[in-house]
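[1] Test case, fold it:
(one chain, ligands or ions: 2)
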Amino acid sequence: MKTYNDLPNDGGSDIAGQVTRQLSRLEERLKSVRHTVAIMSGKGGVGKSSITANLASTLAMRGNSVGVLDADINGPSIAKMIGVRGAKVDYGANGVKPAVSPLGVRVMSMDLFLKDDETPVLWEAQTQKDAFTWRGTMEISALREFLSDTEWGVLDYLLIDLPPGTDRLPNLVDLLPSLGGTVVITIPSGISQLVVKKSLTMAKKLLNTPVIGLVENMTAYVCADCGRAEDMFPSGNTEEMARQFEVPFLGKIPFDPRLSMAADNGNAFVEEYAGTPASRSITKIAQKTESFFNRKI
Ligand SMILES: Nc1ncnc2c1ncn2[C@@H]1O[C@H](COP(=O)(O)OP(=O)(O)OP(=O)(O)O)[C@@H](O)[C@H]1O
Ligand SMILES: [Mg+2]
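    Numbering: from 1, shown residues only. Ligands and ions are numbered 1, 2, ... in the order given. Sure thing, here's the model as predicted:
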């Protein structure tokens, strides 16, 4: 397949030049970001966004300057979870200013540009059927713009919340070859693990991206009254999976309805419910993420 650079004639729009200029802007912009971390899982609905939001808040509470890029262009949820939904987007001399959460986390998401709850992201084309053909390419362009046109400022960590799908990481690595690491999320069901194994192969073996570790979310339901923990899913051994892929196991996060409630209210669960088992587990995952990078320096 031809790339932009191979096209002999682009009708004078200089697409190749535009993309090249944007990529060098992206490189320049990310010079002030110390570590980039992708939160991923081939599987949908396993808690990637919830963990991204809470990991970002935890890292910020621990004194880091943190940004979050919501790479889920079509189903953005980070802005709501982190409490910046509806924030007015400002434009500075040097790009778009990210929204800032009460804990100081800088957030960029397509959600900040949508006019109401019901409007989906629509790409311009003659018909929406035509737009389908280009959707993948346009989503990658949107991601490239979010990375390069946002005034991230100096960040210790830029967390990137990926949508589900094994193909998402290669797309990101294309834009961001210097990706610092990935945190891979699964739930303990056999079905989830079947899909997540493919993502681990993609991250570790095919792309050779550093895997910070594997997280098991929604491990058990802890009864609020008696404190008894009941397994949420009957099968799957995430620690064994981590051993099989020779990646660190970062921890288990129990199911806690208050985590979902806090996200719906735009509050940081880790702050509101500090000291709960789920919050303590997220704090340990944040510490292990910090150690991963400190060890490498
Ligand atoms: N440990 C948990 N305890 C309770 N609820 C949770 C937990 N983790 C996630 N949830 C809830 O599960 C739902 C799915 O979580 P989330 O949106 O974070 O998943 P996702 O992997 O980002 O989904 P998608 O693949 O659509 O991007 C949300 O309603 C969230 O609040
Ligand atoms: Mg998500």
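[2] How about stretch 50-68, which residues are buried there?
    Residues of stretch 50-68 classed as buried by neighbour count (16 or more other CB atoms under 10 Å): 50-61, 64-68. For every residue, glycine as well, the C-beta is placed using N, CA and C.
[3] meant to ask about stretch 158-170
    Under the neighbour-count criterion of 16+ other CB under 10 Å, stretch 158-170 has 158-164, 166, 168-169 buried.
[4] Just the ones of these in helices?
    Those of those mapping onto helices are 168-169, per DSSP state H.
[5] With respect to ligand 1, which of the buried residues of stretch 158-170 is nearest?
    Pro164 (4.0 Å; CB to the nearest ligand atom).
[6] Just the closest of the buried residues of stretch 158-170 to Ser281, please.
    Leu159 (17.1 Å; CB to CB).
[7] State the distance from the closest one to Arg106.
    Using CB to CB, to the nearest Å, Leu159 is found at 10 Å from Arg106.
[8] And for Thr209?
    Taking CB to CB, one finds Thr209 at 23 Å from Arg106.
[9] Those two: who's more crowded?
    Per other CB atoms under 10 Å, whichever of Thr209 and Arg106 has more neighbours is Arg106, with 24 against 21.
[10] residue nearest the centroid of the protein?
    By CA atoms, centre = their mean, the chain has its centre lying nearest to Asp161, at 1.1 Å.
[11] does that residue really touch Thr52, like I thought?
    Yes. With contacts defined as CB atoms under 8 Å, Asp161 counts as touching Thr52 at a distance of 4.0 Å.
[12] Contact partners for the residue nearest to the centre of the chain?
    With contact set as CB atoms under 8 Å, 6 or more residues apart in numbering, Asp161 has these partners: 39, 48-49, 52-53, 68-72, 78.
[13] So which of these is the closest to ligand 2?
    Lowest distance from ligand 2 to those (CB to the ion) belongs to Ser49, with 3.3 Å.
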